[in-house]
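Student: Can you look at this prediction? I've put the sequence above it.
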Amino acid sequence: MPLLDQILGGGVGQLFKDVVGTFKLSPEDKAKFQATIDENQTQVQLAQIALEGKAQDALARETEAASANIRADAATGDKFTSRARPSFIYVMLGILVANYVVFPTIAKPPIAFPDALFWLFGSCMLGYTGARSWEKYAAFGQGK
């Protein structure tokens with residue numbers, strides 16, 4: 001978002017100043033141009049505030065959708081579906097403990113797992129805990 005902040009947060013006015021500054025303008029025209037930029041500065045700031053609000057709303061909707069998916073999975077009667085995420089996390093924790101605690105203890109070298117497996121585990125773990133945290137935060141905010 002730094003580029004967007006630069007464009008919306010006064011960067012547009014500075015950009016126009018730089019572009020127009022390369023042309024030869026009379027002092028009167030430069031003063032008019034500066035006055036126009038100053039008049040529109042408030043509108044640029046309001047647009048930036050509105051854009052930031054929309055971005056926060058989109059993030060909240062995305063998090064709520066992830067939370068709704070977890071709740072829907074947990075509410076199904078199918079035990080596999082309701083336990084798939086926790087089961088994956090437990091299996092991965094078992095693999096990590098065996099590979100990095102048990103194997104070195106018994107003098108066996110650890111197994112080299114692909115990096116994609118660790119990225120998958122990290123994504124699942126962060127998504128699961130993030131959605132649960134958001135769910136608890138939303139419930140706390142509603143007085144539940």
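Tutor: Sure thing, it's come through.

Student: so how many other residues sit close to residue 139?
Tutor: 10 (other Cβ atoms under 10 Å). (Each C-beta comes from the backbone N, C-alpha and C, glycine too.)

Student: actually residue 131, not the one I wrote
Tutor: Residue 131 has 20 neighbours, counted by other Cβ under 10 Å.

Student: again with residue 67
Tutor: For residue 67, the count of nearby residues is 19 (other Cβ under 10 Å).

Student: show me the contacts for it.
Tutor: Taking Cβ atoms under 8 Å, 6 or more residues apart in numbering, we find residue 67 in contact with 131, 132, 134, 135, 138.

Student: host element of the spatially closest residue to residue 66 that is not a sequence neighbour?
Tutor: With sequence-adjacent residues excluded and distances taken as Cβ to Cβ, 6 or more residues apart in numbering, residue 66 is closest to residue 131, at 4.4 Å. Secondary structure assignment for residue 131, by DSSP states H and E: helix 115-141.

Student: Next: residue 112.
Tutor: Going by DSSP H and E, residue 112 is not in any helix or strand.
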